[in-house]
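**Student:** Below is the sequence, then the predicted model.
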Amino acid sequence: MSDTTGPPGEILLSRERIHERISELGRDISRDYAGQAPLLIGVLKGAFVFMADLARAIDLPVEVDFMAVSSYGNATRTSGVVRIVKDLDADLSGRHVIVVEDIIDSGLTLNYLRRNLQSREPASLEVCALLVRSGRQPDELDLKYVGFEIPPDFVVGYGLDVAERYRNLPHVYRMDTAAPHA
Ligand code: PRP
């Protein structure tokens, strides 16, 4: 099936820029976790593309696992309660864990995940987020690894979707719409 709709907007982050930044993140993580085998936890679905590239940029014996969480409804948005749809296979106890996210918006998902994962007693727990939408988080999030801080626009591509489309695009695009993410 051909796609006649064209790109969804202007390129915000090109494939080249993304890959260059991921190489730097991979080097940072390889240095910080030297001698260890960190466990990367990807948060589905959006993180699957970033996870694949990040894992290959790390020069350590990493392991990978995935979680899927449901978006909170309006009623629970302020409390940040997230339902775990797919839990991890791995036991976190004593592991050096890095949560891999494609984008942090309000920070509610990450806050919930961090509390949940911390209760499983990992040796350490850090976050690597490709994108952080600036000015959207009410609380300080303590993100050890961040790819890019971006304006609070609606972005798609490189794992990010609108109605499940555009995840396979190689660049991150700013959508031609004012619709908020998530
Ligand atoms: C995105 C993203 C984070 C969450 C961030 O997932 O991957 O998990 O939203 O938003 P927050 O900081 O406001 O909590 P989304 O719900 O779009 O699901 P998807 O990854 O399956 O597309």
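**Tutor:** Everything's here; your move.
**Student:** alpha carbons only for contacts and neighbour counts from here, please
**Tutor:** Fine.
**Student:** Could you give the number of residues near Gly94?
**Tutor:** 11 (other CA atoms under 10 Å).
**Student:** What of Glu149?
**Tutor:** 15.
**Student:** That one reaches Ala129, doesn't it?
**Tutor:** No. Contact between Glu149 and Ala129 fails when scored by CA atoms under 8 Å: they sit 9.7 Å apart.
**Student:** Would you mind naming what in the protein lies close to the ligand?
**Tutor:** 44-46, 71, 101-109, 160-161, 182 (CA under 6 Å from any ligand atom).
**Student:** Apply 5 Å and report the result again.
**Tutor:** Lys45, Gly46, Ser71, Ile103, Ile104, Asp105, Ser106, Gly107, Leu108, Thr109, Ala182 (CA under 5 Å from any ligand atom).
**Student:** and the residues you listed, which of them are in helices?
**Tutor:** Counting by DSSP state H, the residues of the chain next to the ligand place Leu108, Thr109 in helices.
**Student:** May I ask which two of the residues of the chain next to the ligand are separated the most?
**Tutor:** Farthest-apart pair in the residues of the chain next to the ligand is Lys45 and Ser106; separation 17.3 Å (CA to CA).
**Student:** Could you check which of those two is surrounded by more residues?
**Tutor:** The neighbour comparison of Lys45 against Ser106 (other CA under 10 Å) goes to Ser106, with 22 against 18.
**Student:** Show the contacting residues for that one.
**Tutor:** Contact analysis of Ser106 by CA atoms under 8 Å, 6 or more residues apart in numbering lists Arg136, Gln137, Pro138.
**Student:** Next one: the second one relative to Phe154, how far apart?
**Tutor:** Meaning Gln137. Distance check for Gln137 against Phe154: by CA to CA, to the nearest Å, it reads 16 Å.
**Student:** so Asp53 is in which element?
**Tutor:** Assigned by DSSP states H and E, Asp53 belongs to helix 48-57.
**Student:** From the rest of the structure, what touches that helix?
**Tutor:** 19, 22-23, 25-27, 40, 42, 62, 100-102, 130, 158-159.
**Student:** hmm, 6 Å instead?
**Tutor:** Ser23, Gly26, Gly159 (CA atoms under 6 Å, 6 or more residues apart in numbering).
**Student:** Pretty sure Arg167 is one of the things the last one touches, is it not?
**Tutor:** Put plainly, it is Gly159. Yes. Using CA atoms under 6 Å, Gly159 is in contact with Arg167, at 4.0 Å.
**Student:** Neighbour count for the two, which is higher?
**Tutor:** For Gly159 and Arg167, the more surrounded residue by other CA under 10 Å is Gly159, and the numbers stand at 24 against 21.
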